[in-house]
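sharing a sequence plus its predicted fold:
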Number of protein chains: 2
Amino acid sequence: MERPIGVFDSGVGGLTVLRELARVLPGEGFLYLGDTARVPYGTKSTETITRYSIEIANHLITRHDIKMLVVACNTASSLALPVLRKIYKIPVVGMVDPCVRRVASLEKKASIGVIGTTGTVRSGAYEQALRQAVPKARVTVRACPLLVSLAEEGWAEKPVTRDVIAEYLSPFRKDPPDALILGCTHYPVLKKPIAGFLGEATVLVDSGEEAARVVGALVSGNGTEKGTRAPHIRFLVTDDPERFSRVGEIFFGRRMDSVERVTL
Amino acid sequence: MERPIGVFDSGVGGLTVLRELARVLPGEGFLYLGDTARVPYGTKSTETITRYSIEIANHLITRHDIKMLVVACNTASSLALPVLRKIYKIPVVGMVDPCVRRVASLEKKASIGVIGTTGTVRSGAYEQALRQAVPKARVTVRACPLLVSLAEEGWAEKPVTRDVIAEYLSPFRKDPPDALILGCTHYPVLKKPIAGFLGEATVLVDSGEEAARVVGALVSGNGTEKGTRAPHIRFLVTDDPERFSRVGEIFFGRRMDSVERVTL
């Protein structure tokens, strides 16, 4: 059997990343793990998130022999990636570097906005990476914890979501940034109201799309790219599969079959 | 040393209960445990919440010799209380029965609203208890997951909070209930906008206030009531104490000294 690509997140958000991975790499097999028993990661400490990430990586490597690990969670990417890269032999792809690489490739990049969870913002991971990649840019970072709940409620189109976005993005009201990094895998489902608030001049950078590009390059570089059959995807969760399937559909864009519960 | 009363919640919400307990029982000692490494409980399964609750109760009983356990979390009360009462010798007080008892004591109780987390609502615990206590009442139950985030953001006074409340409580717009059970310990900090939406005819039932009444009766019944000195309170958390102290202040109403981190 071919070795799958392991993808993990605290819950359903990472499904926006998996959706892009599956689109770009239809010939690969994927194993997605949502740590729904301990979701969310956004408000937890570096120490805790690092411990959780190691437990998950150990499980995916020892039990499922994954060939690559995609940390499809901006919080875990911001807090735990250096440690994961130090520990594991397989390639580990996070969300921060692919987004920053995209920003660096833009023509207009004088002012950059980043939105994410409390944990991501407090880590300073985006500022640090942006300082190296686009040293002259003015960077504004904002934690937007409510957006996760709004996305999971399926309220993307509700007026109240526009109001919350206006509240969080008020620093950008007069002066929209050249690019806004959607630094949480939940946010892509809110692209429309976010774009509606900022206007067309701001490029929205989506972690899933950017990570899929990086993973695609790694896979084809390794000579393991596959044919054009539909990707085989297996879903593992640490809590009730039913809620994961129901809420996850908002993020994955289609029904998920065979969600299995595992104990880490 | 006197044995403390153990109080636990998934995080900061239970502090609204502790605040009431400390007010009503100033002579007691309290040990509060916030399971912040695994917060929130509201979206997790019965099996998972029961396992977490047992781990916490074991810790509080074996390490700290508590004399009574207050489950200051409506989700854990709704899902795990029967099991906890079966296992432990010490009295276990939950949030559901005290609220329902209060409703039963009201003069007007033809229509009752209950708001809570997804887990609380799906458990059916309130409907079941209300059906026994006030069999003739019309009961409307609504899950309001966003209210937890709004409360933790400290946004009680923002217009967006009024909009979210209007969205969730829309079934009550034309016909406010005689009583609304605030079936989540986060909600008391949102009392003002909730009351503003429903109007003065609806009695808001607060789990903390009702539970404090029940605990007070148990303690004085046991002959362990104390003098009038300030209560001694110790705080334990399973993740970063700093965030707990910062966000917790919204719920506890004052600064918390000496928050310790524990591993369960």
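Yep, that arrived.

C-alpha only now, for contacts and for neighbours.
Fine.

ok, the residue of chain A found nearest chain B - contacts?
Of all residues in chain A, the one sitting closest to chain B is A:Arg38 (5.0 Å; Cα to the nearest Cα). Neighbouring residues of A:Arg38 by Cα atoms under 8 Å, 6 or more residues apart in numbering or on different chains: A:10, A:238, B:37-39.

same check on A:Ile90?
Per Cα under 8 Å, 6+ apart, neighbours of A:Ile90: A:67-69.

let's go with 7 Å and repeat that
A:67-68 (Cα atoms under 7 Å, 6 or more residues apart in numbering or on different chains).

kindly indicate whether it is helix, strand or coil.
Put simply, A:Ile90 is coil when judged by DSSP: H, G, I helix; E, B strand; the rest coil.

picking up where we left off before, of the contacts of A:Arg38, closest to B:Pro26?
B:Val39 (28.3 Å; Cα to Cα).

hmm, B:Gly13 and the closest one touching each other?
No. The pair B:Val39 and B:Gly13 does not pass the contact test of Cα atoms under 7 Å, sitting 10.3 Å apart.

rewinding a little: between the contacts of A:Arg38, which has the most around it?
Within these, neighbour counts (other Cα atoms under 10 Å in any protein chain shown) peak at A:Ser10, which reaches 27 neighbours.

spell out which parts of the stretch 1-150 of chain A neighbour chain B.
Selection of the stretch 1-150 of chain A residues close to chain B by Cα under 7 Å from any Cα of the partner chain yields A:37-38, A:44-45, A:48, A:146, A:149.

count of neighbours near A:Glu200?
Residues contacting A:Glu200 under the criterion other Cα under 10 Å number 11.

for A:Ile66, that is, sorry about that
21.

contact partners for it?
Contacts of A:Ile66 (Cα under 7 Å, 6+ apart): A:3-6, A:60.

which of those are buried?
Buried members of the contacts of A:Ile66, counted by 16 or more other Cα atoms under 10 Å in any protein chain shown: A:4-6, A:60.

quick one, phi psi at A:Val262?
Torsion angles at A:Val262 (phi, psi; degrees, to the nearest 10) stand at phi -130, psi 160.

what's near enough to touch it?
Applying Cα under 7 Å, 6+ apart, the residues near A:Val262 are A:236-238.

what about the residues you listed, which are in strands?
A:236-237 (DSSP state E).

format the contacts of A:Val262 as a markdown table; extra columns: pLDDT.
Converted to a markdown table, the contacts of A:Val262 look like this (pLDDT from 0 to 100):
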| residue | pLDDT |
| --- | --- |
| A:Leu236 | 98 |
| A:Val237 | 98 |
| A:Thr238 | 97 |
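
please enumerate the strands of chain A.
All strands of chain A, identified by DSSP E, fall at A:5-9, A:29-34, A:68-71, A:92-93, A:111-116, A:138-143, A:179-183, A:203-206, A:232-237, A:259-261.

which secondary structure elements does the shortest one contact?
By that I understand strand A:92-93. strand A:68-71 (3 or more Cα pairs under 7 Å, 6 or more residues apart in numbering or on different chains; DSSP states H and E).

can you give me the mean pLDDT across the strand it packs on?
Strand A:68-71 shows a mean pLDDT of 98 in the predicted model.

adding distance to B:Gly29, write the strands of chain A out as TSV.
Formatted as TSV, the strands of chain A follow (distance: least, Cα to Cα, whole Å):
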stretch	distance to B:Gly29
strand A:5-9	40
strand A:29-34	40
strand A:68-71	44
strand A:92-93	49
strand A:111-116	40
strand A:138-143	37
strand A:179-183	44
strand A:203-206	50
strand A:232-237	40
strand A:259-261	41
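
ranking those by burial, who's on top?
strand A:5-9 (a mean of 27; mean count of other Cα atoms under 10 Å in any protein chain shown).

who does that one pair up with?
Sheet pairing for strand A:5-9, assigned by DSSP bridges, gives strand A:29-34 (parallel), strand A:68-71 (parallel).

for the record, mean pLDDT for the longest one?
When the per-residue pLDDT values of strand A:29-34 are averaged, the result is 97.

quick one: work out the angle between that strand and strand A:232-237.
Angle of strand A:29-34 versus strand A:232-237, following axes from the mean of the first three to the mean of the last three Cα atoms, to 10 degrees, is 20 degrees.

please save the CA atoms from strand A:29-34 in CSV.
The C-alpha trace of strand A:29-34 is given here as CSV (Å, rounded to 0.1, in the frame of the first residue of the first chain):
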residue,chain,number,x,y,z
GLY,A,29,-3.8,9.1,-0.2
PHE,A,30,-4.6,11.3,2.8
LEU,A,31,-5.1,10.5,6.5
TYR,A,32,-6.8,13.4,8.3
LEU,A,33,-6.8,13.5,12.1
GLY,A,34,-9.0,16.0,14.0
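
out of the buried ones among the contacts of A:Ile66, flag the one nearest to A:Ser245.
A:Gly6 (18.6 Å).

show me what contacts that closest one?
With the criterion set at Cα under 7 Å, 6+ apart, A:Gly6 makes contact with A:30-32, A:60, A:66, A:68-70.

distance to B:Arg213 added to those, as TSV?
Formatted as TSV, the contacts of A:Gly6 follow (distance: Cα to Cα, whole Å):
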residue	distance to B:Arg213
A:Phe30	54
A:Leu31	51
A:Tyr32	47
A:Leu60	49
A:Ile66	55
A:Met68	56
A:Leu69	52
A:Val70	51
